[in-house]
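> Can you look at this prediction? I've put the sequence above it.
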Amino acid sequence: MPETPAKSFFITTPIYYVTAAPHIGSAYTTTAADVLARWHRHRGENVYFLTGTDEHGQKVMRTAQKNGQSPQEFVDSLIETEWKPAWDLLDIKYDRFIRTTDEDHVRQVQEFWQRLYDAGYVYEGEYSGMYCVDCEEFKSDDDLDADGNCLVHERPAEMITEKNWFFKLSEFGDKLLALYDEVPDFIAPQTSRNEIINYVKSGLHDLSISRSSFDWGIQVPWDSSQVLYVWIDALLNYTSAAKIFDDPAEFAKIWPATHLMSRDILRFHSVIWPAMLMAAGQQPPRRVYVHGYLLVGGKKMAKSNATAIHPREIVGTFGTDAYRYYFMKAIPFGSDASFSWEHLHAVYTDELANNLGNLASRVAAMIGKYFDGELAKPGALSDADGTLADLLVRTVRTADVAISNMQVHEAISATHDFVTAVNGYITEQQPWSVAKDDSALARERLATILYTCAESLRAVAVLHHSVMPSTATKLWESLGAHESVGPLDAQTIASAADWGVLKPGSKVVKGEVLFPRIEADAEAGA
Ligand code: MSP
């Protein structure tokens, strides 16, 4: 029988403006995409996780000029000094880091627009309007305040009049509404979906897709005097990486993608992007998922209002895994939230150091003390043991469904609640009291209790691996699971729910403390 191909999961982040150094806002989307990608890999799916940088446009050109560098030199240095180190620091395991200056992207973008031009979707016209260079977007009156400032960046928009090429976006209103109707979760959450439906219903205008006043961009293939508008170049990064023209068979295997972002760029992704794909006769994305803003002082945290915090300020004190856990669990995915050091410290202490860290070290210490570090063979399960094993099955199901619904925080919460239940089980079962009795029956009961704890931790390592890769690996090693069960990477989410996976005889060692205590006043640099 032919093998059924593994299900594909293609997840993307926006490609960030290369000039804005990484901050906890861009890191939020990237970490979420990484957790989702890792989880889907643990399901055994064929995963492709794409992130990268948006490197063309007027903003990049002006900043490079200010720095006294050519745009290419400037962007090259930012990738090496800023972007890749930030994602390495956060343990982001992308399959590709795409740059819009990459040769394969440039070539496939030109081919895409040439095809749309040949098919009659592009025409020449003149455009006059207010343009925000920070958004790289033309603005309507509704997008500006009374003084002509862009509402997003609170800076003046500029009047631009140019002869440009236009894309017939206005022809796609009905087709887009039909798509939102046929695929109800195409835009999520619901508030974002409603907003876009209303926007499209109010009527779409054709889109200016080229600029002639500067040349830092991809040349319009049929008109060397113009470069493509930075957004319609950037949006195509997703299909370039998937090799839309370079390898159509590969593209067909992995497309369509799930796009993560915040609402600032939702219209581009849920209106312009699917319309471009429809015009090219391609399948629209699978889903556009909008998460909330990280706020500072009630406003979206951003470099442009000097509120950006770099992840290293937090990682330096709390470590990469706690960083990932905090942002992914403590902030409901989809809601706006303010970052606070106090909250981070409380979550670190209660959930990581006290709940998970303590559990791991107690269990290893007891197996060390009572069984010389060897996992003893369990006897028959008592009701309490069985209840924990049943809870594990429900936990895995809850977490896995939450991931399918993009509720990352719920998935992590389910595992955290399970850890709490295992701690409760130890308190109730009092293995230290059972250990006082030397009878064969009591020894067997002690073995069963500690096996139940170790087996629970084995499942926790698999479930937390996507969010805390190094902690889960340390836990896996300390349980002797690598020798007993195999590499952590090879474990499936489904197998996390199985009971009796760890083999009796496994060597359990009390490894290093997973989450060392951190003083309450320890903050960045403090
Ligand atoms: N270059 C465009 C995207 C092109 S994609 C084809 C762009 N870049 S950006 O650097 O401004 O990134 C915006 C995205 O960064 C948001 O949609 C969100 O994913 C993330 N975030 C930036 N600031 C954020 C917060 N304060 N909070 C949450 N996410 C944030 O737009």
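Sure thing, it's come through.

> for residue 53, phi and psi?
phi -130, psi 150 (degrees, to the nearest 10).

> contacting residues around it?
15-18, 75, 78-79, 83, 97-100 (CB atoms under 8 Å, 6 or more residues apart in numbering). Heads up, the C-betas are built off the backbone N, CA and C, glycines and all.

> So which bits of the stretch 351-500 of the chain are right by the ligand?
By the rule CB under 6 Å from any ligand atom, no part of the stretch 351-500 of the chain lies against the ligand.

> how about the residue in the chain that the ligand sits nearest to, secondary structure?
Across the chain, no residue is closer to the ligand than residue 25, which sits at 2.4 Å (CB to the nearest ligand atom). Following DSSP: H, G, I helix; E, B strand; the rest coil, we place residue 25 in the helix state.

> hang on, the earlier thing: so which of the contacts of residue 53 is the most crowded?
residue 18 (28 neighbours; other CB atoms under 10 Å).

> Wait, that one touches residue 76, no?
No - if you go by CB atoms under 8 Å, residue 18 and residue 76 don't touch, sitting 9.7 Å apart.

> rewinding a little: what is the burial count for the residue of the chain closest to the ligand?
With other CB under 10 Å as criterion, residue 25 counts 24.

> that older thread, check the contacts of residue 53 one by one and keep those near the ligand.
Within the contacts of residue 53, those near the ligand by CB under 6 Å from any ligand atom are 15-17.

> Give me the sheet partners of the lowest-mean-pLDDT helix or strand in the chain and which way each runs.
When the helices and strands of the chain are scored by mean pLDDT, DSSP states H and E, strand 299-300 comes last with a mean of 81. Note on strand 299-300: by DSSP bridges, its sheet partners are strand 294-296 (antiparallel).

> Show me the ones next to the ligand among the contacts of residue 53 that map onto strands.
Among the ones next to the ligand among the contacts of residue 53, the members found in strands (DSSP state E) are 15-17.

> I'd like those residues as JSON lines, with pLDDT appended.
Shown next, in JSON lines, are these (pLDDT from 0 to 100):
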{"residue": "15", "pLDDT": "98"}
{"residue": "16", "pLDDT": "97"}
{"residue": "17", "pLDDT": "95"}
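
> JSON lines for the residues you listed, including distance to residue 359?
Supplementary listing: those in JSON lines, determined by distance: CB to CB, whole Å:
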{"residue": "15", "distance to residue 359": "40"}
{"residue": "16", "distance to residue 359": "37"}
{"residue": "17", "distance to residue 359": "42"}
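
> tell me the domain ranges of the chain?
8-309, 340-521 (automatic domain parsing).

> Redo these as JSON lines? Include distance to residue 333.
Shown next, in JSON lines, are the domains of the chain (distance: least, CB to CB, whole Å):
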{"stretch": "domain 8-309", "distance to residue 333": "5"}
{"stretch": "domain 340-521", "distance to residue 333": "5"}
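
> Identify whichever of those domains lies nearest to residue 319.
domain 340-521 (7.8 Å; CB to CB).

> In the stretch 301-450 of the chain, mark out all the strands, start to finish.
Counting by DSSP state E, counting those that start in this stretch, the stretch 301-450 of the chain has strands at residues 337-338.

> just for it, where's the confidence low?
Applying pLDDT under 70 to the stretch 301-450 of the chain flags the ranges 303-306.

> same deal with the chain?
Those would be 1-4, 303-306, 521-526, if you go by pLDDT under 70 across the chain.

> Dump the one helix or strand residue 113 maps to to CSV, keeping only the CA atoms.
Using DSSP states H and E, residue 113 sits in helix 103-118. C-alpha atoms of helix 103-118 as CSV (Å, rounded to 0.1, in the frame of the first residue of the first chain):
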residue,chain,number,x,y,z
GLU,A,103,17.9,36.2,-5.3
ASP,A,104,15.3,33.5,-5.4
HIS,A,105,12.7,35.8,-3.9
VAL,A,106,13.5,38.7,-6.3
ARG,A,107,13.3,36.4,-9.3
GLN,A,108,10.0,34.8,-8.2
VAL,A,109,8.4,38.1,-7.3
GLN,A,110,9.2,39.4,-10.8
GLU,A,111,7.7,36.3,-12.4
PHE,A,112,4.6,36.7,-10.3
TRP,A,113,3.9,40.2,-11.3
GLN,A,114,4.8,39.6,-14.9
ARG,A,115,2.1,36.9,-14.9
LEU,A,116,-0.5,39.2,-13.4
TYR,A,117,0.5,41.9,-15.9
ASP,A,118,0.2,39.5,-18.8
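
> Could you list the buried residues of that helix?
For helix 103-118, burial by neighbour count (16 or more other CB atoms under 10 Å) applies to 105-106, 108-113, 115-117.

> And the contacts of the following helix or strand past that helix?
Sequence order places strand 122-132 as the next helix or strand after helix 103-118, per DSSP H and E. Outside strand 122-132, the residues that touch it by CB under 8 Å, 6+ apart are 113, 116, 137-139, 143-144, 148, 150, 152-153, 155, 157-168, 206, 208-209.

> Give me the subset of those lying in helices.
Among these, the ones falling in helices (DSSP state H) are 113, 116.

> can you give me the helices for the stretch 351-500 of the chain?
Taking DSSP state H, counting those that start in this stretch, the helices of the stretch 351-500 of the chain run over residues 358-371, 383-404, 408-429, 431-434, 440-464, 469-478, 481-485, 493-496.

> Quick check: which of those is buried the most?
helix 440-464 (a mean of 22; mean count of other CB atoms under 10 Å).

> Show me what that helix is packed against.
Contact here means 3 or more CB pairs under 8 Å, 6 or more residues apart in numbering; DSSP states H and E; on that basis helix 440-464 packs against helix 358-371, helix 383-404, helix 408-429, helix 431-434, helix 469-478, helix 481-485, helix 493-496.

> hey, C-alpha coordinates of the fifth one in PDB?
C-alpha atoms of helix 469-478 as PDB (Å, rounded to 0.1, in the frame of the first residue of the first chain):
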ATOM      1  CA  PRO A 469      13.200  23.100  24.700                       C
ATOM      2  CA  SER A 470      16.200  23.000  27.000                       C
ATOM      3  CA  THR A 471      14.300  22.500  30.200                       C
ATOM      4  CA  ALA A 472      12.400  19.600  28.700                       C
ATOM      5  CA  THR A 473      15.600  18.100  27.400                       C
ATOM      6  CA  LYS A 474      17.200  18.400  30.900                       C
ATOM      7  CA  LEU A 475      14.100  16.700  32.400                       C
ATOM      8  CA  TRP A 476      14.200  14.000  29.800                       C
ATOM      9  CA  GLU A 477      17.900  13.300  30.500                       C
ATOM     10  CA  SER A 478      17.400  13.300  34.200                       C
END
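
> Quick one: list the elements packing against that helix.
Right, helix 469-478 is packed against helix 320-330, helix 358-371, helix 440-464 by 3+ CB pairs under 8 Å, 6+ apart.

> nearest to residue 325, of the helices of the stretch 351-500 of the chain?
helix 408-429 (6.9 Å).

> which residues are in contact with the closest one?
32, 35-36, 39, 325, 328-333, 351, 355-356, 358-359, 362-363, 384, 388, 391-392, 395, 398-400, 402-403, 449, 452-453, 456-457, 459-460, 463-464, 467.

> Kindly calculate the angle that it makes with helix 383-404.
170 degrees (axes from the mean of the first three to the mean of the last three CA atoms, to 10 degrees).

> Please name the residues that touch residue 259.
So residue 259 contacts 12, 14, 238, 269, 273, 285, 287-289 (CB under 8 Å, 6+ apart).

> Among these, name the ones in strands.
12, 14, 287-289.

> Of the residues you listed, which fall within the contact range of the ligand?
residue 14.

> Farthest pair within the ones in strands among the contacts of residue 259?
14 and 287 (14.5 Å).

> Residues of the stretch 1-150 of the chain that sit close to the ligand?
14-17, 20, 25-26, 28-29, 54.

> For those, which two are the farthest from each other?
28 and 54 (17.4 Å).

> neighbours around residue 278, how many?
By other CB under 10 Å, neighbour count at residue 278 equals 17.
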